[in-house]
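J.: A structural model of the following input is requested.
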Amino acid sequence: MTTNPQIGIIMGSDSDLPIMEKAFAVCKEFDVPFEVKIISAHRTPDVHAEYSKSAANRGIKVIIAAAGMAAHLPGVTAGHTHLPVIGVPISSKNLDGMDALLAIVQMPPGIPVATVAVDGAKNAALLAIQILAVSDSELAEKYIQLKKNMALESIKKNDGLKY
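T.: Residues are numbered from 1 along each chain as shown. Reported below is the predicted structural model:
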C-alpha cells in the first residue's frame, strides 16, 4: 500500500520482513496507508538520512524502524526527523534480541524512540495507529472497537475457568 502513506516502515535488512509483516497486516486492517523500505543505517547511510529527513514532507506521520543486533536504525532515524519513531528490536540467533532491545531503549536525552518488545511488530503498528488516532476520530473509533473486541474475546475465553 503506497497511496499517500502515513506510516513509514523501515528495516535494515530483508531478513526482518517475516517479523514486520505483522505490522503490515495491522496497517491494512485499519486501512492506514503505509510504505515499506529496506534501508540500512550502516550500508546506505545517505539514503537513510534522506528518507528520514524527507518523511514528513512526503506525508509520513509516524516511522516504525526495525533492526536487529546493534539496532542503530531507530535511533539514527529519530536523530534525523521530528516525527515519532517506534523501534522494533529484532531477535537474533546470538543474543535473542537483547542486544537490539538495549541499543534501542538507551537513547540519549532529546532523541526519544518508543520501543516495543523484541519482535513486537504488531504492537509497533498498533502504537502508530494510536498516535494517528489522536487527530483522526474515525481511526480512534476503529481502535476503540478493537480494544472492546479484545476484552470480549478474553472474557469469553476465560468464562467458566475455576481458580
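
J.: where is the longest helix in this protein?
T.: When secondary structure is assigned using DSSP state H, the longest helix within the chain turns out to be helix 137-158.

J.: what residues sit buried inside that one?
T.: Buried residues in helix 137-158, defined by neighbour count with 16 or more other Cβ atoms under 10 Å: L139, K142, Y143. (Each C-beta comes from the backbone N, C-alpha and C, glycine too.)

J.: from the chain's centre, how far out does stretch 102-122 sit?
T.: 10 Å (Cα atoms, centre = their mean, to the nearest Å).

J.: which of the three states applies to E21?
T.: Here E21 is recorded as helix under DSSP: H, G, I helix; E, B strand; the rest coil.

J.: for the chain, which segments count as strands?
T.: 7-11, 34-38, 62-68, 85-90, 114-115 (DSSP state E).

J.: make TSV out of these and add mean pLDDT.
T.: Written out in TSV, the entries for these read as follows (pLDDT from 0 to 100):
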stretch	mean pLDDT
strand 7-11	98
strand 34-38	97
strand 62-68	96
strand 85-90	97
strand 114-115	98
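
J.: from those strands, which stretch is densest packed?
T.: strand 85-90 (a mean of 29; mean count of other Cβ atoms under 10 Å).

J.: can I get it as CSV, trimmed to CA atoms?
T.: Listed in CSV are the C-alpha atoms of strand 85-90, where the atom choice follows Å, rounded to 0.1, in the frame of the first residue of the first chain:
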residue,chain,number,x,y,z
VAL,A,85,9.8,6.9,15.8
ILE,A,86,8.9,3.4,17.1
GLY,A,87,11.7,0.9,17.3
VAL,A,88,11.2,-2.8,16.9
PRO,A,89,14.1,-4.8,18.2
ILE,A,90,14.5,-7.9,16.1
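
J.: before we move on, back to that, out of the strands of the chain, the one nearest K122 is which?
T.: The closest of those to K122 is strand 85-90. By Cβ to Cβ, the value is 9.7 Å.

J.: what pairs with the closest one, parallel or antiparallel?
T.: Using DSSP bridges, the strands paired with strand 85-90 in its sheet are strand 62-68 (parallel), strand 114-115 (parallel).

J.: ok, and what's touching that strand?
T.: The contact list for strand 85-90 (Cβ atoms under 8 Å, 6 or more residues apart in numbering) reads 11, 16, 19-20, 23, 62-68, 71, 73-75, 77-78, 97, 100-101, 103-105, 112-121, 124, 127-128.
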